[in-house]
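1. build me a structure from this.
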Amino acid sequence: MFNDTVLSLLVVESDLDCTDYQTHNIDTTNNLLPIMGAMIAFMQIGFALIEAGTVSLGGVTNIFVKNMVDFSVGAIAFYVIGYALSFGSDHESSSSPFIGSEGFFFIDVNQCSFPMLFYYFGYAIGSVTIISGALANRVTLLSCCIYSFIYVAFIYSVAVHWIWSPHGWLLIGTQSVQFVDFAGAGSVHLVGGIASLVGCALIEPRRQRLTGAKFESPPAHSIPLVSTGTWLLGIALLFVNAAPVYTLKNVSEQSQGALVSLSMLNTVLCMGSGLLVYTFWMKATHRISVFTDACNVFICGGVCASSCSPFIQPWAAIVLGMLCCFMYVLFSNLVQSRHIDDVVNASAVHCGGALIGLVVSPWLYNKEGIVYSGSIHSFEQFGWNVLGVLVLVLWSGTTSFVLFLFLKMLKILRLPDLFLKSGVDFFENGQPAYIFTHHVLPKLSMQRSVGTAGHQHDRMVTTAMKNRGDSVSEAGLRVEMDSLQQGDRIVDRIRKQQLLDLEQQSSASRSSYRATKRRMSETSPSEEVNKKSGSERLQVETVNFPHNNDNDNDKDIDEAVSDSFKVSPAPKRKQKRNKPVESSKERRFYNVKFGVEGTVPSNSQPSSHSKAAIDTENTRARPSNYNGVNVVGQRASFDVKNPQPIPSFRYSYGKVSV
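-> Numbers count the residues shown, from 1 in each chain. Sure, this is the predicted structure:
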């Protein structure tokens, strides 16, 4: 297809011969390694879907963005530093048992090692994504980039050198035993799970979990996303646990096929047995089985099998899966009891599964396990695995603590609570995943408390919010958030007092109000409305306010709203007991006050019915009987005490039209 001139541009030699090349005791000539590396990287899709389905509606876009950032930053980190620290040089004389020292930017790396490079890259990406899921929707984009780079380049790579490099001290072991981690239970899952646990311990939990007495996690917003992500991640784990078979030397192709099949079978049995035990256990004890936890147990079984998938019999895989179920429940309850907010229970899944796989599997190894032989060698193997687990926990915990503590001291680790409350997608990404969650105005922060029809009301709090793209410091936003919370308390107190005043009105005033309401509903809004209530005479004229829909004037409209916008609390309307509730028609009450001039007769006297409102949509006028302005739909209100007509505004997906 190409001539010799074009072929000369190839980075890799066209006649490369790797027959006699040996490095790291790995068969790098196998062409299946790059394909397996791509399938291992496929775990990223499963992680993203599980996290997206678990978080709230306002943080789905942020999940996908952070997963793409992990993938991109992790690739650069592994290329620049990670590979060099993981495997170092091809020469044994220059290698260290603790850390690699050569191969930065893939310089002086033999071309025959390229299949192995991409293969191990997939494991690195999967490990850092564990942290992303545990800290979902709470970390800033900057901190995500920083910890992803440092984790892949240093924390993960050093652990990989100890376990998988032929010069690593854990793999060398003693004369008769060595640390056995076949597919990354220690280097990928345990190191990543401990790092995620430390990060969750240092970052503050979500406010939704602090409101309940049991520190319960908010429910997942999309079970289909969680289920689909679990299936994809489970299929990816089949390739994760079987791929290392192709790196084994002195194994024939027929033996490789049998070992790959056995590894995948043991993985499926381990995942399935754990899921079944959890389901029936929860049904017997709690009468319900939480689906998201069942999915986590399913993944936990696959993590456990990664430590020893080709070294155990199928019956042993079933035993490991059953133990993973109990380990996950124990670990998850322990984390929750310490008020550590792990969004997807990543620490319980990956730490629990890795611990069972690395510690229990030496008892079940084929022919050499403690259950089979009970020899001194089998107990030595068990002790060396336990030592490796302790070292990995200490290494990952210490380095992750320093990393996240440094980010926290710089005040760039956590997003402000204002972002979490109003929707991370809008502030961090500017594009929510679901259109009906886009309820935050550029200059207004709306806080809604939703009830049934007749009791539903919205509370709007005005604040000098940033426009999209503006940079606001976290400290400033936290101060603003505190002021908003204080304002909410004042508004609630005023509203309670207004409701109390309404309840104290006399029955005569109530009957007069109902009679006035009936008379007003029979009056045409195009005519002058004259009402009498006792000695009070109130005259209201119809006013039509134009609604500008031109997008070019949105900026002027926003400035006008922000300059003249005032908030006054609205009381809850009492619903008659015998009156059916119209659930299909939700009514929202906005308290808005604009400084627009108007005229009201000077001889009118204020009373309990000091305002009247004209509803131009329903062509009927309604009075208001509390100190504030009530605007519904296209209604204009008038205040006798403050003679100014009040135009209404329409709220539609983040735009204000007057």
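
2. A346: neighbour count?
-> A total of 30 residues lie near A346 under the criterion other CB atoms under 10 Å. From N, CA and C alone the C-beta is placed, and that goes for glycine too.

3. surely it meets I130?
-> Yes: the pair A346 and I130 passes the contact test of CB atoms under 8 Å, sitting 5.1 Å apart.

4. joint contacts of those two?
-> Here A346 and I130 have 192-193, 196 as joint contacts, going by CB atoms under 8 Å, 6 or more residues apart in numbering.

5. closest to I35 out of those residues?
-> G192 (23.7 Å; CB to CB).

6. I'd like to know how many residues surround the closest one.
-> G192 has 32 nearby residues by other CB under 10 Å.

7. may I ask which helix or strand encompasses it?
-> helix 191-202 (DSSP states H and E).

8. nearest residue to M327 other than its sequence neighbours?
-> Distance criterion CB to CB, 6 or more residues apart in numbering; nearest residue to M327, sequence neighbours excluded, is G352 at 4.2 Å.

9. the one you found and G193, how far apart?
-> 8 Å (CB to CB, to the nearest Å).

10. which parts of the helix holding G192 are buried?
-> 191-202 (16 or more other CB atoms under 10 Å).

11. tell me where the chain has strands.
-> With strands called from DSSP state E, the chain shows them at 444-449, 457-462, 529-533, 536-540, 611-615, 620-624, 635-639, 645-646, 650-652, 655-657.

12. any stretches of this protein with poor pLDDT?
-> Flagging of the chain using pLDDT under 70 yields the residue ranges 1, 20-29, 89-95, 211-213, 436-658.

13. the helix holding G192 - contacts with which helices or strands?
-> helix 114-134, helix 156-164, helix 346-364, helix 376-409 (3 or more CB pairs under 8 Å, 6 or more residues apart in numbering; DSSP states H and E).

14. so which of those helices is nearest G229?
-> With distances scored as CB to CB, the stretch of these nearest to G229 is helix 114-134 (10.2 Å).

15. so that closest one versus helix 346-364, what angle?
-> 130 degrees (axes from the mean of the first three to the mean of the last three CA atoms, to 10 degrees).

16. now do helix 114-134: which elements does it pack against?
-> Helix 114-134 packs on helix 32-41, helix 43-54, helix 60-77, helix 83-87, helix 141-150, helix 156-164, helix 191-202, helix 346-364, going by 3+ CB pairs under 8 Å, 6+ apart.

17. could you export it as PDB, CA atoms only?
-> In PDB, the C-alpha atoms belonging to helix 114-134 read as follows (Å, rounded to 0.1, in the frame of the first residue of the first chain):
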ATOM      1  CA  PHE A 114       6.000  -1.600  23.200                       C
ATOM      2  CA  PRO A 115       3.200  -4.200  23.500                       C
ATOM      3  CA  MET A 116       3.900  -4.400  27.200                       C
ATOM      4  CA  LEU A 117       3.800  -0.600  27.600                       C
ATOM      5  CA  PHE A 118       0.200  -0.300  26.500                       C
ATOM      6  CA  TYR A 119      -0.800  -3.400  28.400                       C
ATOM      7  CA  TYR A 120       0.300  -2.000  31.800                       C
ATOM      8  CA  PHE A 121      -1.100   1.400  30.900                       C
ATOM      9  CA  GLY A 122      -4.600  -0.100  31.100                       C
ATOM     10  CA  TYR A 123      -4.000  -1.200  34.700                       C
ATOM     11  CA  ALA A 124      -2.800   2.300  35.700                       C
ATOM     12  CA  ILE A 125      -5.900   4.000  34.300                       C
ATOM     13  CA  GLY A 126      -8.200   1.500  36.100                       C
ATOM     14  CA  SER A 127      -6.500   2.100  39.400                       C
ATOM     15  CA  VAL A 128      -6.700   5.900  39.400                       C
ATOM     16  CA  THR A 129     -10.400   5.800  38.500                       C
ATOM     17  CA  ILE A 130     -11.200   4.100  41.800                       C
ATOM     18  CA  ILE A 131     -10.300   7.400  43.500                       C
ATOM     19  CA  SER A 132     -12.500   9.400  41.100                       C
ATOM     20  CA  GLY A 133     -15.500   7.300  42.000                       C
ATOM     21  CA  ALA A 134     -15.100   7.600  45.800                       C
END
